[in-house]
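# The amino acid sequence is not available; the structure is as follows:
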């Protein structure tokens with residue numbers, strides 16, 4: 001069995017705050033989920049999580065205009081530069097001012113990026129892909145605001161910047177230092193509330209604006225300005241008023257939006273060399289909501305009447321407006337919380353809306369008024385998870401009393417059940433996979449139909465109780481649930497909903513239940529330290545297994561011949577079901593030991609809170625068990641040898657309890673307890689936090705939350721396919737899977753994957769090796785170059801497809817689907833697609849949920865080409881008929 005699992009996606013949460021941003025092509029949406037970045041492919045309808053994480057929750061992210069680089073900055077002040085195509089970290093840096101990074105934006109040409117830090121902002125040069133000793137180079141530091149800067153924006157030409165601040169002002173800056181005769185930094189005041197954002201708009205087409213630095217714009221007769229490496233050493237020739245070039249600011253309009261809903265339009269006067277307010281508009285007058293976020297989309301044609309502005313309000317309503325007339329195009333209420341972030345894609349057709357407190361992420365197509373994406377994670381911790389018998393679906397239950405269904409292939413949620421009134425404690429699929437069962441602390445077990453998506457059966461107990469565990473027999477006819485108090489096991493018939501039997505005998509809460517897959521045996525574990533084996537059909541107790549500590553979890557092996565029991569002392573005990581004797585014990589106390597909590601008075605080594613397993617499950621082949629608990633680790637053991645095969649750390653987020661092994665001594669008071677950290681003001685919905693009286697620090701605020709989220713795994717389950725396993729955590733559902741690129745490929749041993757190596761292999765007519773190296777680089781241009789160098793005959797393409805490893809076929813299918821509609825080599829790409837499918841179709845058929853998005857994308861591309869050819873053929877036929885009719889009606893000359 002292979003154990004090369006790594007995090008593939010975070011399914012239980014889609015957005016936790018910060019901003020969302022579209023890729024340059026507008027097909028992929030990136031969202032922040034804690035200390036990770038989630039990506040949603042809106043065309044292929046799949047999602048994935050980038051394989052890296054920060055040590056603190058991420059505040060902002062930005063994508064370069066060419067789509068190669070991703071910048072992320074967290075609350076600790078760490079800045080990461082990531083190569084998006086290869087999904088690796090190129091370099092990192094820690095900012096000196098680690099708090100209150102409000103905005104992060106690339107310049108239009110991608111050579112610079114601006115980042116805000118409290119009352120100032122900095123402009124840095126964007127590092128390249130080459131390895132450097134000091135990749136981040138500071139270009140300039142700006143700062144004269146009297147309060148925190150909330151947003152920064154670039155002008156379309158990339159020569160000017162504007163900032164919006166809490167001090168009710170907007171300021172205009174230049175990228176390079178300029179003499180007063182050319183540019184003077186301006187301060188625009190007049191707003192009555194904090195300015196949420198400001199942006200530039202052009203009155204001329206963007207192509208007409210200068211793309212070179214402004215310092216190169218000189219008089220027609222004089223020499224151009226020089227731009228030395230040191231900006232402070234710039235010299236400027238004297239320019240009179242007649243010879244001076246027209247300022248690019250005169251072709252720009254500046255818009256600023258305040259929290260109170262007022263939009264100001266500013267224009268630059270060439271005569272007075274000053275900005276003046278030209279127009280003032282109010283977005284909303286009837287509602288008492290405030291502006292929480294805004295995003296501007298400029299027309300590529302430069303026609304200002306087609307520019308769009310989307311504004312998110314604090315009551316969950318967004319508005320789409322036309323600029324500069326500010327006419328309402330579209331308004332819609334999409335959430336119960338404030339829209340903390342909004343974004344527009346490249347074409348302006350899709351609107352991305354995010355609400356961090358509720359975990360909502362929406363993509364709305366305003367022209368057709370339809371949802372492209374509508375996802376919402378659990379509002380609180382995820383308590384339980386279960387895989388369907390075919391491994392194609394997952395079901396999760398959380399503290400928010402909701403049951404959600406997720407697709408294992410795409411990672412999206414497609415159904416939500418809200419019938420329960422208390423947190424979900426356990427979940428189970430029927431053997432047929434046509435229904436799911438959920439047990440809750442409200443004392444009911446509910447059966448949900450997966451064909452009609454409704455609650456068709458509710459199982460109740462005679463007296464009110466809290467249900468902690470759940471199990472269903474392989475036939476799907478008998479349902480069992482264990483209660484908190486009284487300490488009993490309830491048995492129902494699913495078809496009739498009638499309570500068949502109550503199994504007493506335990507002396508503590510029944511926290512674990514499991515049915516044997518092969519025999520009519522039910523195992524029940526309790527805090528009284530016993531595991532009882534029941535024959536449910538005969539209503540009799542078969543045997544009782546006694547342990548030295550409380551029983552926390554039980555699990556049968558897939559063949560039903562072995563039972564694994566997790567106890568409070570950190571042991572995994574294995575029992576022979578047929579003989580009834582103990583086979584082996586695995587001591588996992590040291591393996592599962594987690595970190596130290598913020599309020600713990602003892603070290604993690606001395607604390608017993610995390611030294612036990614609370615959930616255990618067998619792998620698909622039954623050779624190993626996976627176990628997790630109140631710890632940052634999840635362990636996989638080989639049962640026969642009792643060896644620890646692999647240990648996974650769920651999170652490295654230092655803001656979670658139990659991640660750090662030792663606390664920072666600088667943050668510990670004289671009493672040995674950690675000092676309370678100052679809470680940062682949240683601008684997620686554009687509002688201020690609760691402010692106390694000035695200087696009033698005496699006493700304790702009992703309403704203030706002093707506890708932090710904890711890293712733990714409430715439930716771990718293995719997929720029946722053996723390719724994935726999932727862990728239910730307070731941060732969401734972590735799904736770990738086997739990646740195809742981790743398969744051993746001997747073709748990758750001889751050559752280094754470089755563009756030069758690809759070119760050399762093409763010259764040597766080794767097209768297969770060139771294509772393999774190009775796929776390792778994951779650069780589309782290089783992959784197309786290697787592919788188009790192949791001979792155009794179908795037999796040659798078939799040989800090329802057979803020489804390629806099967807693990808590269810999904811990547812090549814995605815490449816073909818993207819470039820097929822617009823490629824001039826249509827016949828060539830169609831022939832290679834056919835050869836690839838004929839050769840590697842069996843490999844693609846083994847995991848349909850994983851490869852179906854690539855096949856659907858290729859199908860859509862082929863259908864689009866077919867429609868285009870059919871349309872052109874019809875028009876050509878009509879034109880030929882017209883020409884033939886004209887020739888027949890023309891009289892021949894005598």
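Happy to help now that I have it. What you see is a predicted model; the values in this text were computed from it and never measured.
# Check the gap between the spatially closest residue to residue 813 that is not a sequence neighbour and residue 845 for me.
Using C-beta to C-beta, 6 or more residues apart in numbering and skipping the chain neighbours, the partner closest in space to residue 813 is residue 854 (4.2 Å). Yep, even glycine has a C-beta here, placed from its N, CA and C like the rest. For residue 854, the distance to residue 845 (C-beta to C-beta, to the nearest Å) stands at 13 Å.
# again, but for residue 814
17 Å.
# Poorly predicted segments of the chain, please.
By pLDDT under 70, the weakly predicted segments of the chain are 1-2, 98-99, 129, 203-246, 284-287, 300-305, 664-707, 739-752, 849, 887-894.
# Relative to residue 196, how far out is residue 537?
66 Å.
# Which of these two has more residues huddled nearby?
residue 196 (25 against 15; other C-beta atoms under 10 Å).
# Mind listing the strands the host helix or strand of that one pairs with, and their directions?
Residue 196 is part of strand 195-202, with elements assigned from DSSP states H and E. Strand 195-202 has the following sheet partners, assigned by DSSP bridges: strand 252-258 (antiparallel).
# following the partner strand, which helix or strand shows up next?
strand 262-269.
# tell me which residues of that next one are tucked away?
Across strand 262-269, burial judged by 16 or more other C-beta atoms under 10 Å covers 262-268.
# now stretch 466-479
Buried, per 16+ other C-beta under 10 Å, within stretch 466-479: 466-474, 476, 478-479.
# Look at residue 854 and residue 845 and report which has more neighbours.
Shown here are residue 854 and residue 845; by other C-beta under 10 Å, residue 854 has more neighbours (21 against 10).
# Wasn't the more buried one part of a strand?
No. Residue 854: not assigned to a strand; according to DSSP: H, G, I helix; E, B strand; the rest coil it is helix.
# before we move on, what SS does residue 837 have?
helix.
# ok, how many other residues are close to it?
15.
# for residue 369, same thing?
9.
# what do you get for residue 322?
With other C-beta under 10 Å as criterion, residue 322 counts 15.
# now swap in residue 458 and tell me
For residue 458, using other C-beta under 10 Å, the count is 12.
# Make sure it is indeed in a helix.
No. Remark: residue 458 does not belong to a helix; assigned using three-state DSSP, it is strand.
# Okay, and which of the buried residues of stretch 466-479 map to strands?
Among the buried residues of stretch 466-479, the ones falling in strands (DSSP state E) are 467-472, 478-479.
# and which of those residues is nearest residue 85?
Taking C-beta to C-beta as the measure, residue 85 sits nearest to residue 470 out of those, at 44.2 Å.
# how much space between the closest one and residue 490?
10 Å.
# just residue 579 next, same as before
Distance from residue 579 to residue 490, by C-beta to C-beta: 29 Å.
# Which one of these two is surrounded by more residues?
Taking other C-beta under 10 Å, residue 579 and residue 490 do not tie; residue 490 has more neighbours (24 against 9).
# Now name the helix or strand holding the nearest residue to that one once chain neighbours are set aside.
Once flanking residues are discounted, residue 490 sits nearest to residue 481: 5.2 Å by C-beta to C-beta, 6+ apart. Residue 481 belongs to strand 478-483 when assigned by DSSP H and E.
# For that strand, give me every contacting residue.
426, 437, 439, 445, 447, 459, 461, 465-473, 488-494, 500, 509-513, 515, 522, 524, 526, 536-537 (C-beta atoms under 8 Å, 6 or more residues apart in numbering).
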